[in-house]
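> heads up, no residue letters with this:
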DNA sequence: CTTTGGATCGTCT
DNA sequence: GACGATCCAAAGG
């Protein structure tokens, strides 16, 4: 469970408040559904690594690889609650006026934290890495908000989106 | 407040 | 050659 874990990149850090699950070969909405390619190679590697992809000609999105090597299971990070390095985040995202706009979307959080395709494949658990996943002791919510995934056109019925209830930094496509 | 359309290019068919 | 796990500004109620 990644909810309420902390993602840190240098001075910048945020608590994960919204995620979506993607289940490799058994999930038509997953980038890995049609097998390995140069782009999604990281997903087929070991868990705990960062899968970053480029889309819409201008945006990056970040996933945490989860399953055993070869299964290509991953979790898309959809929103963070900023907790450190707010000034740097604002510099990286001039479009965000309010703090609430800094990380309330998968492409927004990548821009705010300076994550792009060059960060693809990083080990999030290794100490001293440029991008890391930390546990500060905050437990995941007892009853996460569950809803359907956003922005996909297939397998839209799968309720694989999870969020921290009541957190204002959750992205636009509101859970029902 | 909600809806609409433009931006922009790597990747796979 | 078509399209996408998106975002934002502008226009319309």
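Thanks, I have the structure now. Small disclaimer: the values here were computed from a predicted structure and weren't measured. Numbering: from 1, shown residues only, chains lettered A, B, ... in the order given.
> could you show me where the helices are in chain A, in order?
According to DSSP state H, chain A carries its helices in the segments A:86-92, A:106-113.
> of those, which is nearest DNA strand B?
When the helices of chain A are compared by CB to the nearest atom of the strand, helix A:106-113 sits nearest DNA strand B, at 9.8 Å. Where you see a C-beta, it was placed from the backbone N, CA and C, and this is true even at glycine.
> let me know whether that closest one sits next to DNA strand C.
Yes - Helix A:106-113 lies within reach of DNA strand C by CB under 7 Å from any atom of the strand, at A:106, A:107, A:108.
> got the buried residues for that helix?
Applying a neighbour-count criterion of 16 or more other CB atoms under 10 Å, one finds A:106, A:107, A:108, A:109, A:110, A:111, A:112, A:113 buried in helix A:106-113.
> so residue A:50 makes contact with residue A:125?
No - when contacts are counted by CB atoms under 8 Å, residue A:50 is not listed as touching residue A:125 (10.3 Å).
> more neighbours: which of the two?
Neighbour count, other CB atoms under 10 Å: between residue A:50 and residue A:125, residue A:50 has more, with 24 against 14.
> now do the contacts for the residue nearest the centre of chain A.
Among the residues of chain A, the one closest to the centroid is residue A:77, at 1.5 Å (CA atoms, centre = their mean). Counting by CB atoms under 8 Å, 6 or more residues apart in numbering, residue A:77 touches A:2, A:7, A:16, A:18, A:19, A:61, A:62, A:63, A:64, A:106, A:109.
> against residue A:44, how distant is it?
Distance of residue A:77 to residue A:44, given as CB to CB, to the nearest Å: 19 Å.
> now do the strands in chain A.
A:6-9, A:12-23, A:50-55, A:59-65, A:73-84, A:131-134, A:145-147, A:161-163 (DSSP state E).
> nearest residue to residue A:31 other than its sequence neighbours?
Of all residues beyond its chain neighbours, the one nearest residue A:31 is residue A:40 (4.7 Å), with distances taken as CB to CB, 6 or more residues apart in numbering.
> tell me who's in contact with that neighbour.
Listed by CB under 8 Å, 6+ apart, the contact set of residue A:40 reads A:31, A:32, A:51, A:53, A:72.
> and what of residue A:157?
So residue A:157 contacts residue A:148 (CB under 8 Å, 6+ apart).
> count of neighbours near residue A:53?
Residue A:53: 18 neighbours (other CB under 10 Å).
> I'd say it and residue A:76 touch.
No - if you go by CB under 8 Å, residue A:53 and residue A:76 don't touch, sitting 9.7 Å apart.
> closest one of the residues of helix A:106-113 next to DNA strand C to residue A:163?
When the residues of helix A:106-113 next to DNA strand C are ranked by distance to residue A:163 (CB to CB), residue A:106 comes first, at 12.8 Å.
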